[in-house]
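K.L.:
What follows is a protein structure lacking sequence information:
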């Protein structure tokens, strides 16, 4: 098992050198990427140069390879958000999270595929073709951080940065069987992240171990003066949380099992028994049915998208607006409608009021329980082509995640097993800034189950 | 939610608002799809929002201002124009604006 700390330890004791490790990694990526299509752009030359020059391994991420979702601006490295409109865009600056990764010694391997502009939950709406699921190449990896999730699942490398608006870290993590941590909105800076739904967007790590997610979150989190919505609350010591081993009262809501595949429910029940065995109590709570989150998110996301995509005028960067693919156009059109005079109150305002109801509902729930657990997705990875059958595909796939995102809450996906060869995910979410508790519980579950041993057949051990 | 009759005219208006040149095939497809999406999200009417205040952001942060200062991440001219399709003497160059349609 390769964790960031173990890797760094092997560098320090001179058992390994990052240059050898990273050149092996690129070889394997080039072998598998024609099928996986997880990477859009590789940073091979610079990554190898950085690895070769490394002598000091004091920095927490010194020589650690990491994959970056292609909606984070990376200085002098092509950034497309999987949209042809940005086909030749080379950012003149680094996103804050990229700067933090670099400042901590990380080596960027490349930019990963995603749904174009992050609009979707399949990675099938990428203008550069779909990423495939490492467990079954005829299936979807989920999305929008599908390239990052597929890369981590394949070990290419086992660490990646993703972003979530409402499901885009946790849902692909569930379908690809990896850990995906979505922090509290505002906990991690959005500066330099290509905006999708600005009141929801949140960067976060995808990894194979809870420990790595905790380590990366600790380095990425914190106030950023370039993001006015980032919180000034002090960053907890998430590494300490890994050893806390507290007992929690966990909420469970019947509404989060409606329409969920029975095979997923079975797997979830096994995980629940493990959590009970570990000494955690379960308590039934009543949450607003996720079917309303689908509708609510559809309105909020389209509205924010229609406004955010206005900046792409082909003047300062990017190609003309005619380069937008159909999914982006579809979303902008609906967003323009829900925000227009005469319909604003009925759609956008109504949606923002229901957002208040959802927040209040969670506040009540968290008076009774510490954290909430549920399945992450209603189904396991679907076949390629399925996302085209429904203009609200993403919203339906993310239905169990959307409410917590809309309320700005943090959450994590953990792999809990395979069903017919496909990964099943469990999500844990909690109140604002409860990452410490989430990581604590996640680590206890990981220690008990060693879920990281579940791997696709092509897994590459770096 | 109010009933909205979607026709090509309405879809064209939205496309104009969004500065999108849609093909006739796209126009008719969106005219067909949008009412379907709106009816799929109509279940929000089942929730009572009387006397409920809207939430536009979840952080609770109010009126955060930034001091006027030199931004150390300011870009130089070369970086700013690097990705532009057309420039002219340190200006972005655009096509003439059209107001008619």
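P.N.:
Yep, it's here. Predicted, not measured: the structure shown is a model, and the values here were computed from it.
K.L.:
Residue nearest the middle of chain A, spatially speaking?
P.N.:
Centroid-nearest residue in chain A, with C-alpha atoms, centre = their mean: residue A:169, separated by 1.7 Å.
K.L.:
quick one: contacts for it?
P.N.:
A:145, A:162-163, A:180-182, A:204, A:206, A:413 (C-beta atoms under 8 Å, 6 or more residues apart in numbering or on different chains). Where C-beta positions appear, they are placed from N, C-alpha and C, glycine not excepted.
K.L.:
Just the buried residues of the top helix by length along chain B, please?
P.N.:
For chain B, the helix that runs over the most residues, judged by DSSP state H, is helix B:24-40. By neighbour count on 16 or more other C-beta atoms under 10 Å in any protein chain shown, the buried set for helix B:24-40 is B:26-27, B:29-31, B:33-34, B:37-38, B:40.
K.L.:
Would you mind checking which of those residues is nearest to residue A:345?
P.N.:
Closest approach to residue A:345 among the buried residues of helix B:24-40 (C-beta to C-beta): residue B:38, at 14.6 Å.
K.L.:
Please report how far the closest one lies from chain A.
P.N.:
Using C-beta to the nearest C-beta, to the nearest Å, residue B:38 is found at 8 Å from chain A.
K.L.:
pLDDT score assigned to that residue?
P.N.:
Looking at residue B:38, its pLDDT is 93.
K.L.:
just residue A:421 next, same as before
P.N.:
Confidence at residue A:421, expressed as pLDDT, is 97.
K.L.:
Please apply the same query to residue B:1.
P.N.:
47.
K.L.:
Residue B:66 now?
P.N.:
Residue B:66 is given a pLDDT of 79.
K.L.:
and it, which of the three is it?
P.N.:
When classified by DSSP: H, G, I helix; E, B strand; the rest coil, residue B:66 comes out as coil.
K.L.:
Cross-check the contact I'm expecting between it and residue A:224.
P.N.:
No: in this structure, residue B:66 is not within contact of residue A:224 by C-beta atoms under 8 Å, at 11.3 Å.
K.L.:
which one of the two has more residues nearby?
P.N.:
residue A:224 (21 against 9; other C-beta atoms under 10 Å in any protein chain shown).
K.L.:
any idea how far the more buried one lies from residue A:213?
P.N.:
For residue A:224, the distance to residue A:213 (C-beta to C-beta, to the nearest Å) stands at 20 Å.
K.L.:
any weak-confidence spans in chain B?
P.N.:
Within chain B, the segments meeting pLDDT under 70 span B:1-5, B:98-101.
K.L.:
centroid residue for it?
P.N.:
residue B:18 (6.4 Å).
K.L.:
show me where chain B has helices.
P.N.:
B:8-17, B:24-40, B:77-81.
K.L.:
residues of the last one that come out buried?
P.N.:
Of the residues in helix B:77-81, those buried under the neighbour-count criterion (16+ other C-beta under 10 Å) are B:80-81.
K.L.:
what do you get for the first one?
P.N.:
Taking 16+ other C-beta under 10 Å as the neighbour-count basis, helix B:8-17 is seen to contain the buried residues B:10-11, B:14-15, B:17.
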